[in-house]
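Trainee: Generate coordinates for the sequence data below:
(one chain, ligands or ions: 2)
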Amino acid sequence: MAETEAGHRIEAIFPASQIQARLTTLAGEIAAKKPVNLLVVPILKGSFVFAADLLRAMNHAGLAPEVDFLTLSSYKKSRASSGQVTILRDLDLDVEGRHVILIDDVLDSGRTLAFAKDLISARGASTIETCVLLEKQVARAVNIEADYHAFTCPNVFVVGYGMDVAHRYRELPYVGRLVD
Ligand code: IMP
Ligand code: MG
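Mentor: Ligands and ions are numbered 1, 2, ... in the order given. Purely as a prediction, here's the structure:
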């Protein structure tokens, strides 16, 4: 396995073709519930590639959601969660009375998704669902599970398909794990 410019070795664990096939199924499941007044909220930055592909799969499945973005931070530059979630950039849209689907890349401790869900709930959304690319098989620090997940994933640090380590590897078309 070749080293990257930054000296990392990355092993693919979810290839691009597998991700695309799974998103077609996932979008079909979301569409089957016939959500109305739907607002999709990708949590940036890590979910941007997943959200872009999932939204196009949702279009193929017949959905026409509005989309707005929420930028949260908990990880900073390190690989371990700081435990504190902050809003870096808020939504533009009002969520009151709407069916909101929150999209994130990884469900790990659960703090990020729980924070976002509480925020949207406090603003009066009528229904909130959560959808993550990867559900890590670890004990959550808070009591939350995702309504939809593309894959379960072992407790390893992953990059690619939108996910980074120190702002690198978001461009990779697959999900890989960093090999130490
Ligand atoms: P949680 O708040 O601990 O559930 O962590 C969720 C957030 O941490 C996600 O939105 C990701 O941005 C980030 N994260 C967690 N695990 C990883 C990883 O393995 N690689 C990259 N980012 C991760
Ligand atoms: Mg994230």
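Trainee: where's the residue nearest the centre of the chain relative to ligand 1, distance?
Mentor: Taking CA atoms, centre = their mean, the centroid of the chain lies closest to Asp104, which sits 1.7 Å from it. Distance, Asp104 to ligand 1, using CB to the nearest ligand atom, to the nearest Å: 5 Å. Quick note: C-beta positions are derived from backbone N, CA and C, even for glycine.
Trainee: Also Ala6?
Mentor: For Ala6, the distance to ligand 1 equals 15 Å [CB to the nearest ligand atom].
Trainee: Ok, Leu26 next?
Mentor: Distance of Leu26 to ligand 1, given as CB to the nearest ligand atom: 18 Å.
Trainee: How far does the host helix or strand of that residue sit from its chain's centre?
Mentor: Using DSSP states H and E, Leu26 falls within helix 16-32. The chain centroid and the centroid of helix 16-32 are separated by 14 Å, computed with CA atoms, centre = their mean, to the nearest Å.
Trainee: Tell me who's in contact with the closest residue in space to Asp164 that isn't next to it in sequence.
Mentor: Closest residue to Asp164 apart from its sequence neighbours, by CB to CB, 6 or more residues apart in numbering: Arg170 at 5.0 Å. Contacts for Arg170 (CB atoms under 8 Å, 6 or more residues apart in numbering) come out as 45-46, 48-49, 159-164.
Trainee: Point out the ones among these that are inside helices.
Mentor: Judged by DSSP state H, these include 48-49 as members of helices.
Trainee: can you redo the contacts of Arg170 as a markdown table with pLDDT?
Mentor: Converted to a markdown table, the contacts of Arg170 look like this (pLDDT from 0 to 100):
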| residue | pLDDT |
| --- | --- |
| Lys45 | 96 |
| Gly46 | 96 |
| Phe48 | 98 |
| Val49 | 98 |
| Val159 | 98 |
| Gly160 | 98 |
| Tyr161 | 98 |
| Gly162 | 98 |
| Met163 | 98 |
| Asp164 | 96 |
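Trainee: Of the contacts of Arg170, which are in range of ligand 1?
Mentor: Applying CB under 6 Å from any ligand atom, the subset of the contacts of Arg170 adjacent to ligand 1 comprises 46, 163.
Trainee: Kindly reformat the contacts of Arg170 as a markdown table containing neighbour count.
Mentor: Formatted as a markdown table, those follow (neighbours: other CB atoms under 10 Å):
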| residue | neighbour count |
| --- | --- |
| Lys45 | 20 |
| Gly46 | 23 |
| Phe48 | 18 |
| Val49 | 22 |
| Val159 | 22 |
| Gly160 | 25 |
| Tyr161 | 26 |
| Gly162 | 24 |
| Met163 | 23 |
| Asp164 | 17 |
